[in-house]
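[1] attaching a predicted model along with its sequence, questions to come.
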Amino acid sequence: MYNKVILAGNLARDIEIRYTQGGSAIGKTAIATSRRFKSQTGEQKEEVMFIDLTFFGRTAEIANQYLRKGSKVLVDGRLTLDQWTAQDGSKRSKHSITVENLQMLGSKDEIGSEGSYQNAMPTDNYAQPEPSYNAPSQPQSAPQQQSNHTIPEIDISEDEIPF
């Protein structure tokens, strides 16, 4: 069987990062994607979808450091079904994407002083995607979550920065 999803869009919210007891990072956010089409009456319409994303390991740390709400990204991963019981006892479920590869879209000129993307993006970036970061298959050691809730600095060389 094959389970592969590829999405391009804007992050709908900032990444929420947490660390497991073993020190592995888990990042959660959502992506907003849209499509434009003409209705049967000829009217232009736009359909927007919001899909939850989960990043693991080094990918989660890089995404947390460089991406913010509105950042343009291309992700691929697998579709998962999350199920839980709500406080009222009802069974709930939703589909989400477990990200395996992340590509940050946009150029270095669109990055602000704090590493957040501005709103503009050239359309030719789909032809020449930037380097992707693969989520590691084995958990990696990561800094323990600090009690003062500050975002840990990530030791990254200039060669690893995708812009």
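    Good, I have the coordinates. Numbering: from 1, shown residues only.

[2] please name the nearest non-neighbouring residue to residue 25.
    residue 60 (4.0 Å; C-beta to C-beta, 6 or more residues apart in numbering). (Glycine included, C-beta is placed from N, CA and C.)

[3] check which helix or strand covers that neighbour.
    Here residue 60, judged by DSSP states H and E, is contained in helix 57-66.

[4] and that helix, what other elements does it pack with?
    When contacts are defined as 3 or more C-beta pairs under 8 Å, 6 or more residues apart in numbering; DSSP states H and E, helix 57-66 sits against strand 16-19, strand 25-38, strand 91-104, strand 133-134.

[5] how about a cut-off of 7 Å?
    strand 25-38, strand 91-104, strand 133-134 (3 or more C-beta pairs under 7 Å, 6 or more residues apart in numbering; DSSP states H and E).

[6] compile those into TSV and extend it with columns for distance to residue 80, mean pLDDT and mean neighbour count.
    As requested, those are exported to TSV (distance: least, C-beta to C-beta, whole Å; pLDDT from 0 to 100; neighbours: other C-beta atoms under 10 Å):
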stretch	distance to residue 80	mean pLDDT	mean neighbour count
strand 25-38	12	93	16
strand 91-104	5	93	16
strand 133-134	18	50	17
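
[7] need these in a markdown table (columns: distance to residue 16).
    As requested, the helices and strands packed on helix 57-66 are exported to a markdown table (distance: least, C-beta to C-beta, whole Å):
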| stretch | distance to residue 16 |
| --- | --- |
| strand 25-38 | 5 |
| strand 91-104 | 13 |
| strand 133-134 | 19 |
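
[8] residue 2 is nearest to which of those strands?
    strand 91-104 (13.2 Å; C-beta to C-beta).
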